[in-house]
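Asker: Attaching a predicted model along with its sequence, questions to come.
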Amino acid sequence: MIKVRGLSKSFGDHVVLKDVNVEIKDGEILAILGESGAGKSVFLQHLIGLFRPDQGTVEIDGRDVTHLSERSWLELRKNMGYLFQQGALYDFMTVFENVAFPLQEHTSLQAREIKVKVDEILEMVGLQEAARKYPAELSGGMKKRAALARAVVLGSKIIFCDEPTSGLDPMRSRDISDLIQRTSRRLKCTTVITSHDVPNSFRIADRLVVFREGVIIAVGTQQELLASSDQFIKEFIK
(Lines give C-alpha, C1' and ligand atoms only; values in the text may rest on other atoms or scores of the structure.)
Protein backbone atom coordinates (compact mmCIF):
# COMPACT_ATOMS: atom_id res chain seq x y z
CA MET A 1 0.00 0.00 0.00
CA ILE A 2 1.23 3.47 -0.93
CA LYS A 3 -0.42 6.43 0.80
CA VAL A 4 0.19 10.00 -0.31
CA ARG A 5 -1.10 12.77 1.94
CA GLY A 6 -1.07 16.50 1.26
CA LEU A 7 1.82 16.28 -1.21
CA SER A 8 2.90 19.66 -2.56
CA LYS A 9 5.95 20.60 -4.61
CA SER A 10 7.19 23.81 -6.22
CA PHE A 11 10.28 24.68 -8.23
CA GLY A 12 10.91 28.34 -7.55
CA ASP A 13 7.63 30.16 -8.22
CA HIS A 14 6.29 27.30 -10.31
CA VAL A 15 3.84 25.13 -8.38
CA VAL A 16 3.90 21.57 -9.76
CA LEU A 17 1.86 19.58 -7.20
CA LYS A 18 -0.83 20.98 -4.91
CA ASP A 19 -2.12 19.03 -1.91
CA VAL A 20 -2.16 15.65 -3.66
CA ASN A 21 -3.92 12.82 -1.80
CA VAL A 22 -4.21 9.26 -3.09
CA GLU A 23 -3.93 5.65 -1.93
CA ILE A 24 -2.51 2.94 -4.17
CA LYS A 25 -3.66 -0.54 -3.22
CA ASP A 26 -1.46 -3.61 -2.98
CA GLY A 27 -1.42 -5.53 -6.25
CA GLU A 28 -3.36 -3.02 -8.31
CA ILE A 29 -2.40 -1.38 -11.58
CA LEU A 30 -2.90 2.36 -11.28
CA ALA A 31 -2.60 4.63 -14.32
CA ILE A 32 -1.82 8.31 -13.83
CA LEU A 33 -3.23 10.41 -16.67
CA GLY A 34 -3.00 14.08 -17.53
CA GLU A 35 -1.73 16.62 -20.01
CA SER A 36 1.98 17.34 -20.42
CA GLY A 37 3.17 19.41 -17.49
CA ALA A 38 0.30 18.32 -15.25
CA GLY A 39 2.69 16.91 -12.63
CA LYS A 40 2.52 13.18 -13.39
CA SER A 41 6.24 12.48 -13.64
CA VAL A 42 7.12 14.71 -10.67
CA PHE A 43 4.54 12.82 -8.62
CA LEU A 44 6.06 9.50 -9.69
CA GLN A 45 9.54 10.68 -8.77
CA HIS A 46 8.35 11.47 -5.25
CA LEU A 47 7.28 7.84 -4.89
CA ILE A 48 10.83 6.64 -5.53
CA GLY A 49 12.58 9.31 -3.50
CA LEU A 50 14.10 11.37 -6.32
CA PHE A 51 12.26 14.44 -5.01
CA ARG A 52 11.34 15.43 -1.48
CA PRO A 53 8.00 17.20 -1.02
CA ASP A 54 7.71 20.75 0.24
CA GLN A 55 4.74 19.57 2.24
CA GLY A 56 2.96 16.28 2.84
CA THR A 57 4.01 12.67 3.25
CA VAL A 58 4.51 9.46 1.29
CA GLU A 59 3.99 6.14 3.05
CA ILE A 60 5.06 2.79 1.59
CA ASP A 61 3.88 -0.32 3.45
CA GLY A 62 3.13 1.76 6.52
CA ARG A 63 6.52 3.47 6.58
CA ASP A 64 6.84 7.22 6.14
CA VAL A 65 9.57 7.56 3.52
CA THR A 66 9.38 11.33 3.13
CA HIS A 67 12.62 12.07 4.98
CA LEU A 68 14.60 8.88 4.46
CA SER A 69 18.32 9.16 3.93
CA GLU A 70 19.70 8.29 0.51
CA ARG A 71 21.21 5.14 2.00
CA SER A 72 17.80 4.02 3.29
CA TRP A 73 16.25 4.82 -0.09
CA LEU A 74 18.86 2.69 -1.86
CA GLU A 75 17.84 -0.25 0.29
CA LEU A 76 14.12 0.39 -0.24
CA ARG A 77 14.53 0.66 -4.02
CA LYS A 78 15.73 -2.95 -4.17
CA ASN A 79 12.02 -3.84 -3.90
CA MET A 80 11.10 -1.42 -6.67
CA GLY A 81 11.46 -1.56 -10.43
CA TYR A 82 11.47 1.52 -12.66
CA LEU A 83 10.73 1.44 -16.38
CA PHE A 84 12.14 4.67 -17.79
CA GLN A 85 10.41 6.41 -20.68
CA GLN A 86 13.30 5.77 -23.08
CA GLY A 87 14.31 2.45 -21.52
CA ALA A 88 17.68 3.75 -20.24
CA LEU A 89 19.50 0.57 -21.21
CA TYR A 90 23.28 0.52 -21.05
CA ASP A 91 24.41 0.77 -24.68
CA PHE A 92 27.66 -1.10 -24.04
CA MET A 93 25.87 -4.14 -22.57
CA THR A 94 23.87 -6.84 -24.31
CA VAL A 95 20.24 -7.42 -23.36
CA PHE A 96 21.34 -10.32 -21.16
CA GLU A 97 23.98 -8.19 -19.44
CA ASN A 98 21.54 -5.32 -18.88
CA VAL A 99 19.04 -7.62 -17.17
CA ALA A 100 21.75 -9.45 -15.20
CA PHE A 101 23.28 -6.23 -13.88
CA PRO A 102 20.89 -5.69 -10.91
CA LEU A 103 21.41 -9.29 -9.81
CA GLN A 104 25.17 -8.87 -9.93
CA GLU A 105 25.02 -5.61 -7.98
CA HIS A 106 22.43 -6.46 -5.34
CA THR A 107 22.52 -10.23 -4.76
CA SER A 108 25.06 -12.93 -3.91
CA LEU A 109 23.84 -15.24 -6.67
CA GLN A 110 26.45 -17.20 -8.58
CA ALA A 111 26.87 -16.83 -12.35
CA ARG A 112 24.89 -20.00 -13.11
CA GLU A 113 22.01 -18.88 -10.87
CA ILE A 114 22.00 -15.45 -12.51
CA LYS A 115 21.84 -17.05 -15.95
CA VAL A 116 18.84 -19.16 -14.95
CA LYS A 117 17.04 -16.12 -13.53
CA VAL A 118 17.78 -13.87 -16.51
CA ASP A 119 16.77 -16.55 -19.01
CA GLU A 120 13.48 -16.97 -17.15
CA ILE A 121 12.74 -13.24 -17.20
CA LEU A 122 13.71 -12.86 -20.86
CA GLU A 123 11.38 -15.70 -21.77
CA MET A 124 8.60 -14.00 -19.80
CA VAL A 125 8.97 -10.80 -21.86
CA GLY A 126 9.56 -12.62 -25.14
CA LEU A 127 13.20 -11.65 -25.65
CA GLN A 128 15.05 -14.93 -25.27
CA GLU A 129 16.17 -14.77 -28.91
CA ALA A 130 17.58 -11.25 -28.41
CA ALA A 131 19.69 -11.98 -25.33
CA ARG A 132 23.02 -11.37 -27.10
CA LYS A 133 21.94 -8.24 -28.97
CA TYR A 134 22.92 -4.71 -28.01
CA PRO A 135 20.33 -1.93 -27.52
CA ALA A 136 21.28 -0.35 -30.87
CA GLU A 137 20.13 -3.56 -32.57
CA LEU A 138 16.69 -3.52 -30.97
CA SER A 139 13.40 -2.00 -32.10
CA GLY A 140 11.64 0.48 -29.82
CA GLY A 141 9.28 -2.18 -28.54
CA MET A 142 12.12 -4.61 -27.82
CA LYS A 143 13.98 -1.94 -25.84
CA LYS A 144 10.88 -1.45 -23.68
CA ARG A 145 10.66 -5.20 -23.11
CA ALA A 146 14.31 -5.38 -22.11
CA ALA A 147 13.89 -2.43 -19.76
CA LEU A 148 10.84 -4.06 -18.18
CA ALA A 149 12.80 -7.30 -17.71
CA ARG A 150 15.55 -5.38 -15.93
CA ALA A 151 12.97 -3.57 -13.78
CA VAL A 152 11.44 -6.79 -12.43
CA VAL A 153 14.44 -9.15 -12.28
CA LEU A 154 14.96 -8.56 -8.55
CA GLY A 155 11.38 -9.63 -7.83
CA SER A 156 10.12 -6.09 -7.37
CA LYS A 157 7.06 -5.58 -5.16
CA ILE A 158 6.34 -2.26 -6.90
CA ILE A 159 6.88 -1.35 -10.56
CA PHE A 160 6.88 2.27 -11.72
CA CYS A 161 6.46 2.89 -15.45
CA ASP A 162 6.99 6.37 -16.90
CA GLU A 163 5.17 6.75 -20.23
CA PRO A 164 5.84 3.12 -21.28
CA THR A 165 4.14 3.47 -24.69
CA SER A 166 5.86 6.72 -25.63
CA GLY A 167 7.37 6.59 -29.12
CA LEU A 168 5.66 3.34 -30.08
CA ASP A 169 3.13 2.75 -32.86
CA PRO A 170 -0.40 1.69 -31.85
CA MET A 171 0.27 -2.06 -32.19
CA ARG A 172 3.51 -1.94 -30.19
CA SER A 173 1.81 0.30 -27.61
CA ARG A 174 -0.87 -2.31 -27.14
CA ASP A 175 1.74 -5.09 -26.92
CA ILE A 176 3.83 -3.39 -24.23
CA SER A 177 0.70 -2.43 -22.28
CA ASP A 178 -0.49 -6.04 -22.33
CA LEU A 179 2.97 -7.21 -21.27
CA ILE A 180 3.03 -4.82 -18.31
CA GLN A 181 -0.37 -6.10 -17.23
CA ARG A 182 0.62 -9.77 -17.56
CA THR A 183 3.90 -9.19 -15.75
CA SER A 184 2.20 -7.32 -12.93
CA ARG A 185 -0.38 -10.07 -12.46
CA ARG A 186 2.19 -12.85 -12.68
CA LEU A 187 4.51 -11.25 -10.12
CA LYS A 188 1.60 -10.03 -7.96
CA CYS A 189 3.18 -6.60 -7.70
CA THR A 190 1.77 -3.09 -7.46
CA THR A 191 2.18 -1.16 -10.70
CA VAL A 192 2.01 2.61 -11.16
CA ILE A 193 2.02 3.98 -14.72
CA THR A 194 2.15 7.56 -15.99
CA SER A 195 0.69 7.87 -19.46
CA HIS A 196 -0.92 10.00 -22.15
CA ASP A 197 -2.24 6.78 -23.69
CA VAL A 198 -5.86 6.77 -22.57
CA PRO A 199 -7.11 3.70 -24.53
CA ASN A 200 -4.36 1.37 -23.30
CA SER A 201 -4.55 2.77 -19.77
CA PHE A 202 -8.28 2.02 -19.75
CA ARG A 203 -7.59 -1.51 -20.99
CA ILE A 204 -5.06 -2.55 -18.35
CA ALA A 205 -5.55 -0.37 -15.26
CA ASP A 206 -7.68 -1.29 -12.27
CA ARG A 207 -8.06 2.39 -11.42
CA LEU A 208 -7.00 5.67 -12.96
CA VAL A 209 -5.97 9.06 -11.59
CA VAL A 210 -6.36 12.25 -13.61
CA PHE A 211 -4.04 15.18 -12.92
CA ARG A 212 -4.69 18.73 -14.03
CA GLU A 213 -2.29 21.56 -13.22
CA GLY A 214 -0.80 19.67 -10.29
CA VAL A 215 -4.12 18.68 -8.75
CA ILE A 216 -5.89 15.30 -8.82
CA ILE A 217 -9.33 15.96 -10.26
CA ALA A 218 -10.54 12.36 -10.50
CA VAL A 219 -9.77 8.87 -9.19
CA GLY A 220 -11.74 5.84 -10.26
CA THR A 221 -12.31 2.94 -12.59
CA GLN A 222 -12.75 3.27 -16.34
CA GLN A 223 -16.52 3.16 -15.90
CA GLU A 224 -16.44 5.87 -13.24
CA LEU A 225 -14.33 8.19 -15.39
CA LEU A 226 -16.53 7.61 -18.41
CA ALA A 227 -19.55 8.56 -16.29
CA SER A 228 -17.91 11.79 -15.08
CA SER A 229 -19.72 15.06 -15.76
CA ASP A 230 -16.48 17.06 -15.58
CA GLN A 231 -15.95 18.72 -18.96
CA PHE A 232 -12.15 18.46 -18.88
CA ILE A 233 -12.28 14.71 -18.14
CA LYS A 234 -14.84 14.18 -20.91
CA GLU A 235 -12.61 15.93 -23.43
CA PHE A 236 -9.37 14.36 -22.20
CA ILE A 237 -10.50 10.73 -22.30
CA LYS A 238 -12.03 11.15 -25.76
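Answerer: Perfect, I can see it now. Please read these numbers as outputs of a predicted model, since none were measured by experiment. Numbering: from 1, shown residues only.
Asker: Now do the helix or strand bottoming out on mean pLDDT in the chain: distance to the chain's middle.
Answerer: Here the helix or strand of the chain ranked lowest by mean pLDDT, DSSP states H and E is helix 70-76, holding a mean of 84. What separates the centre of helix 70-76 from the centre of its chain is 18 Å, taken as C-alpha atoms, centre = their mean, to the nearest Å.
Asker: residues in contact with the helix or strand following it?
Answerer: Helices and strands here follow DSSP states H and E; after helix 70-76, the next one along the chain is strand 80-83. With contact meaning C-beta atoms under 8 Å, 6 or more residues apart in numbering, strand 80-83 is reached by 48, 144, 147-148, 150-154, 156-162, 164, 180, 189. Any C-beta I mention is one placed from the backbone N, CA and C, and that applies to glycine too.
Asker: In strands only, show me the residues you listed.
Answerer: The strands in this structure, assigned by DSSP state E, contain 158-162 from the contacts of strand 80-83.
Asker: Now render these as CSV, adding distance to Met124 and pLDDT.
Answerer: Conversion of those to CSV gives the following (distance: C-beta to C-beta, whole Å; pLDDT from 0 to 100):
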residue, distance to Met124, pLDDT
Ile158, 18, 94
Ile159, 13, 93
Phe160, 19, 93
Cys161, 16, 92
Asp162, 21, 89
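Asker: Tell me the most packed of the residues you listed, by neighbour count.
Answerer: Note: the member of these with the most neighbours is Cys161, at 28 neighbours, neighbours being other C-beta atoms under 10 Å.
Asker: how far away is that one from Val20?
Answerer: Distance, Cys161 to Val20, using C-beta to C-beta, to the nearest Å: 19 Å.
Asker: ok, now Val209?
Answerer: Distance from Val209 to Val20, by C-beta to C-beta: 9 Å.
Asker: Between the two, which contacts overlap?
Answerer: Ile216.
Asker: Which neighbouring elements make contact with whichever strand or helix holds Asn98?
Answerer: Taking DSSP H and E as the criterion, Asn98 maps to helix 95-106. Helices and strands in packing contact with helix 95-106 are listed as helix 111-124, helix 140-152; criterion 3 or more C-beta pairs under 8 Å, 6 or more residues apart in numbering; DSSP states H and E.
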